[in-house]
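Q: Build me a model from this:
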Amino acid sequence: MKRSGWYSSLYFCAVLVSLVLGAVVPGLANATTGIMTITSTTTLTENHTGQIRFGASNITLDCAGYEIRFAARQPAGGCGVSGTQTCGIRSLNRTGITIRGCDVVGAYSYGIWIQGTSTTSTVRDSSVTDAMVGFRVDAASNLQFFNSAAVSNNAGFEIRDSTDVMFTSTDAVYSTGDGFDINDSTDVRIQYGFVFANGVNGIEFDDSPGSSVLNTEVLNNGQHGVSLDNSSAIYISANEIHGNVENGLRLQNCDNGTVRYNLVDNNGTCNANQDAASSGNTWTGNTLQNWCGTVPNPH
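A: Residues are numbered from 1 along each chain as shown. Okay, here's the model as predicted:
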């Protein structure tokens, strides 16, 4: 499951091999520009510089490995109410959408911004690199991410006021801020992920009940590995949490959750730290190098 360095190295090798063999490389194609609004299922045949916007529900954007590239200026109505923000892919109040095979590159405010989306929508096999925020989700529900990555952004994934969001085999690496930052959301699940070398927390949940982290590696982040605040009924299971600068696993004012079968070692201040305001949590089968606060022993 370890994928450190996988993205840039594999992409470089693929480009090199294609050049040697004389194949057509998506990254070398000419680019379209501006705001592209799609109203039916669309497959790109070349790179696009600017923004791609969903103009209808129940459609698919398949980038087919081509890039969405940053444009310093976008026409009026670019992103947000004032149109002053920039984003690579934008979905506002659409349902049943799919984003597939898209690599968003450059200094966007939000690389991929999904807002007000419901009725199972999917992002798969996609990445954002070098944005302010890689992936932003607001007021969405029934949204699933598969095999995607936020790489070298200021923040990896930001989830706000959403419910039933699932990340499977989705990675957050080399952000200067948090890898995953989840606020005021319910039933957000991160599973089979790789969260590595982010500047602040690897995974942070605030006021987000029903949060879960399963079978995920959380390594070498600048503050806490997995940090949960004011979040009840959490489920943290079978994760490897190593080498984070502060606490490996931190619970603050979290009640009635389950923490089981995690391996937590070689972190900084405490490998596991549960404060006195947290109650009713079940700790079982964990391997903790050390612990602080009210973590029970045995645990």
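
Q: Under the pLDDT cut-off, which ranges of the stretch 1-150 of the chain? List them.
A: For the stretch 1-150 of the chain, the stretches with pLDDT under 70 are 1-31, 73-78, 80-83.

Q: what ranges do the strands span in it?
A: Ranges of strands in the stretch 1-150 of the chain, per DSSP state E, counting those that start in this stretch, are 31-38, 42-43, 47-54, 60-62, 67-69, 87-92, 98-100, 103-105, 110-115, 121-124, 127-129, 133-138, 141-146, 149-151.

Q: Flag every buried residue along the first one.
A: Neighbour counts using 16 or more other CB atoms under 10 Å place Ile35, Met36, Ile38 of strand 31-38 among the buried residues. For the C-beta atoms, the positions are set from N, CA and C on the backbone; glycine is no exception.

Q: same check, this time on stretch 279-291
A: For stretch 279-291, using 16+ other CB under 10 Å, the buried residues are Asn281, Trp283, Asn286, Leu288, Trp291.

Q: Including pLDDT, could the residues you listed go into CSV?
A: Shown next, in CSV, are the buried residues of stretch 279-291 (pLDDT from 0 to 100):
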residue, pLDDT
Asn281, 98
Trp283, 98
Asn286, 98
Leu288, 97
Trp291, 96
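
Q: Can you tell me the SS state at the residue most central in space within the chain?
A: Residue closest to the average C-alpha location in the chain (CA atoms, centre = their mean): Phe157, at 3.7 Å. With DSSP: H, G, I helix; E, B strand; the rest coil as the basis, Phe157 sits in strand.

Q: Tell me which residues touch it, please.
A: Gly134, Phe135, Val137, Ala150, Phe167, Thr170, Ala172, Gly179, Phe180, Asp181, Ile182 (CB atoms under 8 Å, 6 or more residues apart in numbering).

Q: where does the last one land in three-state SS?
A: Local secondary structure at Ile182 is given as strand here, using three-state DSSP.

Q: Asn256 and Asn281 touch, don't they?
A: Yes - Asn256 sits in contact with Asn281 when judged by CB atoms under 8 Å, with a separation of 6.8 Å.

Q: Tell me who's in contact with the closest residue to Leu61 other than its chain neighbours.
A: With CB to CB, 6 or more residues apart in numbering as the criterion, Leu61 has its nearest non-adjacent residue at 5.2 Å, and that residue is Ile99. The neighbours of Ile99, taking CB under 8 Å, 6+ apart as the test, are Thr60, Leu61, Cys63, Ile89, Ser91, Ile112, Thr122, Val123, Arg124, Ser126.

Q: can I get those residues in JSON lines with neighbour count and distance to Pro298?
A: Shown next, in JSON lines, are those (neighbours: other CB atoms under 10 Å; distance: CB to CB, whole Å):
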{"residue": "Thr60", "neighbour count": "16", "distance to Pro298": "50"}
{"residue": "Leu61", "neighbour count": "25", "distance to Pro298": "50"}
{"residue": "Cys63", "neighbour count": "23", "distance to Pro298": "50"}
{"residue": "Ile89", "neighbour count": "27", "distance to Pro298": "48"}
{"residue": "Ser91", "neighbour count": "26", "distance to Pro298": "47"}
{"residue": "Ile112", "neighbour count": "29", "distance to Pro298": "43"}
{"residue": "Thr122", "neighbour count": "17", "distance to Pro298": "41"}
{"residue": "Val123", "neighbour count": "25", "distance to Pro298": "40"}
{"residue": "Arg124", "neighbour count": "17", "distance to Pro298": "40"}
{"residue": "Ser126", "neighbour count": "26", "distance to Pro298": "42"}
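
Q: out of those residues, who's nearest Ala238?
A: Nearest to Ala238 among the contacts of Ile99: Arg124, at 23.3 Å, using CB to CB.

Q: and the closest one, what are its bridge partners?
A: Note on Arg124: beta-bridge partners by DSSP bridges are Arg100, Phe146.

Q: what's the answer for Glu67, then?
A: Asp103.

Q: Likewise for Phe135?
A: According to DSSP bridges, beta-bridge pairing links Phe135 with Ile112, Phe157.
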